[in-house]
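Undergrad: Build me a structure from this.
(chains A and B)
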Amino acid sequence: MFIDFFYQLRNVGIPVSPTSFLTLQKALDMGLINSMDTFYTSARAILVKSERYFDVYDQVFAHRFQDAEMPELESLVLDEVTRALLEGWLEDPVSLAAALEMDASDIIDLTPEELIEYFKKRLEDQKGRHEGGRTWIGTGGTSPVGHSGHHPNGMRVGGVSRNKSAVKVAMERRYKDYSRRGLLTQDMMAEALKRLRNMVPVGSKDVVDIDKTIYQTMKNGGEIEIVFSRRLKDRIKVVLAIDNGGWSMDPYIPVVQTLFDYARDQFKDLKTFFFHNTVYDFLWEDPARIKKPFKVEDFIAFDPQTRFIMIGDGSMAPYELMAADGSIHVEERSGKPSIEQLKFLVQTFPHCVWLNPVSSQHWERTPTIRTIQQIFPMFELTLDGLEGAVRHLMAK
Amino acid sequence: MAKHQNNRFSGASRYVLDDELASIVNVSMALEMPLLLKGEPGTGKTMLAHAIAESLNMPLIVLNVKSSMKLVDALYQYDTLTRLNDSRFGDSKRDVSNIEDYIKMGKIGQAFTSKTRTVLLIDEIDKADTDFQDDMLDVLDQMEFDIIEIDRTVSARFRPVIVITSNAKKDLSDPFLGRCNFHHIAFPDPEMMRKIIQVHFPDIDSNLMESAVSTFYELRKVDAIEKKPATRELINWIRALKTDPDFNPDLLAREGIPFLGVLFKKSQDYKNAVSFTNRHGLA
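TA: Got it, this is the predicted structure:
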């Protein structure tokens, strides 16, 4: 029963698990659900696990059981699709044209709006061909009970397809938030950075140390001696140094911003500095890198247990890193090449990493990244990379 | 079926239940699945568990989750210190050689060993980390846990009715969600709010209630409020209004809102609310 309902929910992007669907069947079998209203609420409680999907659920429910208009797929995923489409268009008009089955010369003449319009039209056609009919998902019947349960077409949307065009791939991208290598969300960062903690004993001695108590008591020949110790608290210190200069970091602003916001909430003892490309004599405490210079030498006064995190693409002209007067800013040419300053930082802070938003596949091709990699342990700014970085920062 | 029928949940004396929520609670109880409740603070997530316990006439056991909590804390505690003390002084009735005498049940343990069916409220689960959440669900799924010190397995005599609340904006982990039923409690609409107030103040003057409720919903619209006033604040505010002998509900619309501090508890919110009411003459 209601199997098409299950697929409809999945097709609009609600992550309904088969187990929960079986649970719903169980509830039906037990006779717990005896009216449409109860079915509506119970099915929602069992199948839909986040209020973000309640609205979509309502629409699907109305469609399935009250024959209302199906929510348009476009409105749900179009933002994402449009972006992917436009990116593809900018990068490689020829293959996109092929995917859309039109002439490359024509596609170049289109405005972005026209392109999207055309794309939508194509999408309609494709739906027609794959699913048969305006409402695009198997709508074998509209009576609320006793549906045949056979579902010939519905599985296709965004799923298996013989025609693996760019358009199709774009549609599948609506799950990209969940992909581990995709763009990081704040929640995913929270998950990865949660283990970045430094537990140290602080405060008054108010916790009974059972092991020591037993040891002391034995030592006293059974005369009880209770040993108190301090509570363990998280006292991690973090320094975040962000490359915020130059156009080469521009594409990564959102992800770095997310990391920065999260770090500001999470770490009580956080200092943020800014630099351009690499480190010379100074880091800056103000993002504009004008007002508050901070001498790199002064880091020696910091707690060596501080976790030092550099964020930058590490991509620059080799001389900027190697030459004694490599800085592109004249006022900070002190005679020490940047590479020496980086080595100094690594020596000062044994727990340090370099997070690079550039995909690690490209690291080999950039000589400066390779050089920095020899000094700083470098990790990709992705969920996997962050986990590796945290593991490295927490290693003794 | 019959056994589900006779202890159906239909609302308690201090809690106003909508039909939707009632049927979800009933289905979850029958399916023996935990019910996960999310919603704005002050929408009555915690109160619901109290109400279920009251109306089903079951004892309520509350586990307040803390960020530092380990799963074993919620299950049981081995009281080494008392045992050490007893072994030294031997003046208690407990048997020092019997470790079981020194095992104390935690909240989940209490719910499992209780002689009657209980309602187990796990409050603010989002405070703990993901591992805690998943491990706890394992225990609740299997309805048993091991006490390693005495090598004994504690199984639940009666499967407790489990209600879990979460304030988090973010979703809990997928395996966790897979094992729960979910409900999001929306903020009550004015209609519902009147019923809620009626429950708390059965003899309330209808004039006072009308003006209080409409003012309350107006105030919730004030922009840039960090913590919007919720049901709890409204009820306290009405209580305050009722105790003020000089207060005249007819003048609420003209003479300024008394006790704004009851509704807005952050100083910035308070300032915003005051300036809003002055500007709009709503007060």
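
Undergrad: Count residues in the vicinity of residue A:220, would you?
TA: Other residues within reach of residue A:220, judged by other Cβ atoms under 10 Å in any protein chain shown, total 11. Where C-beta positions appear, they are placed from N, C-alpha and C, glycine not excepted.

Undergrad: Distance of it relative to residue B:200?
TA: 59 Å (Cβ to Cβ, to the nearest Å).

Undergrad: is stretch A:257-272 up against chain B anywhere?
TA: No: Stretch A:257-272 is not in contact with chain B by Cβ under 8 Å from any Cβ of the partner chain; minimum separation 11.9 Å.

Undergrad: So for that stretch, what gets flagged as buried?
TA: A:258, A:259, A:262, A:263, A:266, A:267, A:270, A:271, A:272 (16 or more other Cβ atoms under 10 Å in any protein chain shown).

Undergrad: next one: stretch B:215-228
TA: Within stretch B:215-228, the residues that qualify as buried are B:215, B:216, B:219, B:222, B:225, B:228, counting by 16+ other Cβ under 10 Å.

Undergrad: Make sure I have this right: the first one is in a helix.
TA: Yes: under DSSP: H, G, I helix; E, B strand; the rest coil, residue B:215 falls within a helix.

Undergrad: and it, how far is that from residue B:259?
TA: 11 Å.

Undergrad: Count the neighbours of residue B:80 for me.
TA: Other residues lying near residue B:80 total 16 when counted by other Cβ under 10 Å.

Undergrad: Confidence-wise, which of the buried residues of stretch B:215-228 comes last?
TA: pLDDT across these is lowest for residue B:225, at 70.

Undergrad: count of residues packed around the residue nearest to it when sequence neighbours are not counted?
TA: In this structure, residue B:225 finds its nearest non-sequential neighbour in residue B:269, 4.9 Å apart by Cβ to Cβ, 6 or more residues apart in numbering or on different chains. Using other Cβ under 10 Å, residue B:269 has 19 other residues around it.

Undergrad: Quick check: mean pLDDT of the helix or strand encompassing residue B:269?
TA: Per DSSP states H and E, residue B:269 falls inside helix B:267-280. For helix B:267-280, mean pLDDT rounds to 76.

Undergrad: list the contacts for the residue most central in space within chain B?
TA: Geometric centre of chain B, nearest residue: residue B:46, 1.3 Å, by Cα atoms, centre = their mean. Going by Cβ atoms under 8 Å, 6 or more residues apart in numbering or on different chains, residue B:46 touches B:121, B:123, B:165.

Undergrad: now do residue A:231
TA: Residues in contact with residue A:231 (Cβ under 8 Å, 6+ apart) are A:201, A:202, A:203, A:206, A:207.

Undergrad: So which residues on chain A come close to chain B?
TA: Counting by Cβ under 8 Å from any Cβ, the residues of chain A near chain B are A:15, A:17, A:19-20, A:23, A:26-27, A:30-33, A:37-38, A:41-42, A:44-46, A:48-51, A:54, A:187, A:190-191, A:194, A:208, A:210, A:213-214, A:217, A:222-224, A:226.
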